[in-house]
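A.B. asks: Provided below are the primary sequence and the corresponding predicted coordinates.
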Amino acid sequence: MHHFLSIVFLLLAIGLHVSVQSTGKRSERSTHRSYKSSLTVGNGMYLGSWGFTDMCPSGTYAVGFSLKVEETSFFRYDNTALNGIRLHCGNPLIPDEAYVTIESRVSKWGKWTDMKLCPSGFLKAFQLRVESSQGRGDETAANNIRFKCIEDLVLQGDGTDRGEWGEWSPKCEGMGICGIKTRIQEPQGSGDDTALNDVEMFCCA
Ligand SMILES: [Ca+2]
Ligand SMILES: [Ca+2]
């Protein structure tokens, strides 16, 4: 029994440490929040591996987003375009409360662009701009993302413009998007890099 309790305390301590490290200022973020549906699109690319799922704190939903983007350079052979996606979570009952930012895996290139916010409501669906396979040429995979807010208002990210827009994901069941998971290709050294390849969003009741 004593050993069992020690292990429980050890796990709690590790869990607490990880939670404080990953959340910075806010510790109520939960990766265990249950979701009602998940949203995917058909044109994501398949390189790399899926990161962890990050969820908005309980009672909050994504009201906006920002992107980590490496600007296209025609002087650089190896571009990566989209490197990360952040969701900004808000509480409809406490509109003035500061947003809590969540993100899944990100890659190392580019800079975070300005936050885009829904004038009202939450993110409900998304569309991904993706460059298809380039054979032996420079590939970038995902380049940009758009979200629909309630009332079908579209927010477009400050991403890059290679590739094409795919189909919209289905619309959230429930209140809105409340979680994210991204597929990122590990840095390839001197090889061709693509960074962010695909994304899955989660919707909460
Ligand atoms: Ca590349
Ligand atoms: Ca490279």
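C.D. replies: It's in. Ligands and ions are numbered 1, 2, ... in the order given.
A.B. asks: Can you tell me how far residue 174 is from ligand 2?
C.D. replies: Applying CB to the ion, to the nearest Å, the value for residue 174 to ligand 2 is 40 Å. Placement of C-beta: from N, CA and C, glycine included.
A.B. asks: Check what pLDDT that residue gets.
C.D. replies: pLDDT recorded at residue 174 is 90.
A.B. asks: swap in residue 60?
C.D. replies: 95.
A.B. asks: could we number from 8 for the rest of this?
C.D. replies: Shifting the count to begin at 8 puts that one at residue 67.
A.B. asks: Quick check, it in contact with residue 100.
C.D. replies: No. Using CB atoms under 8 Å, residue 67 is not in contact with residue 100, being 9.6 Å away.
A.B. asks: Which one's more surrounded, those two?
C.D. replies: A direct count of neighbours by other CB atoms under 10 Å for residue 67 and residue 100 places residue 67 higher, at 28 against 8.
A.B. asks: domains of this protein?
C.D. replies: The chain breaks down by automatic domain parsing into domains covering 8-37, 40-211.
A.B. asks: With respect to ligand 1, which of the ones you listed lies nearest?
C.D. replies: domain 40-211 (4.4 Å; CB to the ion).
A.B. asks: Close to ligand 1: what parts of this protein are there?
C.D. replies: 85, 145, 146, 199, 200 (CB under 5 Å from the ion).
A.B. asks: Can you pull the phi and psi angles for the first one?
C.D. replies: Note on residue 85: backbone dihedrals following degrees, to the nearest 10 are phi -110, psi 100.
A.B. asks: Three-state assignment for the most centrally placed residue in the chain, please.
C.D. replies: Geometric centre of the chain, nearest residue: residue 92, 3.9 Å, by CA atoms, centre = their mean. Three-state call for residue 92 (DSSP: H, G, I helix; E, B strand; the rest coil): strand.
A.B. asks: can you tell me which residues contact it?
C.D. replies: Going by CB atoms under 8 Å, 6 or more residues apart in numbering, residue 92 touches 72, 73, 74, 75, 110, 111, 113, 152, 187, 189, 203, 206.
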